[in-house]
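Q: model this:
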Amino acid sequence: MVKAKERQSSVEELLKDMMIVQLVLAGIGQHQIRQIVGVDIHRVSRIGKLMKKPKDTKGASA
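A: Numbers count the residues shown, from 1 in each chain. Predicted coordinates:
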């Protein structure tokens, strides 16, 4: 059985990852994300590399 402290730690880590994803999607810079979430810059860049960049819609007709 998973201990309560281990479960809390894994939930906190998941929430940090989710916050990083949302901040990347919002266009916040990696150094700012690191300061906001309080994690290592390598973790931010590793998660950021997995994100797909939005397609440019300037040429699309409305």
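
Q: which other helices and strands contact the worst-scoring helix or strand of the chain on mean pLDDT?
A: One helix or strand of the chain scores below all others by mean pLDDT, DSSP states H and E: helix 4-25, with a mean of 90. Secondary-structure packing of helix 4-25 (3 or more Cβ pairs under 8 Å, 6 or more residues apart in numbering; DSSP states H and E): helix 30-37, helix 41-50. All C-beta spots, glycine's among them, are computed from the backbone N, C-alpha and C.

Q: dump these into a markdown table; add mean pLDDT, mean neighbour count and distance to Lys5 as well.
A: Formatted as a markdown table, the helices and strands packed on helix 4-25 follow (pLDDT from 0 to 100; neighbours: other Cβ atoms under 10 Å; distance: least, Cβ to Cβ, whole Å):
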| stretch | mean pLDDT | mean neighbour count | distance to Lys5 |
| --- | --- | --- | --- |
| helix 30-37 | 96 | 15 | 21 |
| helix 41-50 | 94 | 14 | 21 |
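
Q: can I get these in a markdown table with distance to Met18?
A: Formatted as a markdown table, the helices and strands packed on helix 4-25 follow (distance: least, Cβ to Cβ, whole Å):
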| stretch | distance to Met18 |
| --- | --- |
| helix 30-37 | 10 |
| helix 41-50 | 10 |
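
Q: closest to Leu23 out of these?
A: helix 30-37 (4.7 Å; Cβ to Cβ).

Q: check contacts around Ile20.
A: Taking Cβ atoms under 8 Å, 6 or more residues apart in numbering as the contact definition, Ile20 lies against Ile33, Val37, Val39, Arg43, Val44, Ile47, Gly48.

Q: mind redoing it with 10 Å?
A: 28, 30, 33-34, 36-37, 39, 43-48, 51 (Cβ atoms under 10 Å, 6 or more residues apart in numbering).

Q: next one: Ile28
A: For Ile28, the contacting residues are Ile20, Gln22, Gln35, Ile36, Val44, by Cβ under 10 Å, 6+ apart.

Q: so for Glu13, which of the helices and strands packed on helix 4-25 sits nearest?
A: When the helices and strands packed on helix 4-25 are compared by Cβ to Cβ, helix 41-50 sits nearest Glu13, at 9.6 Å.
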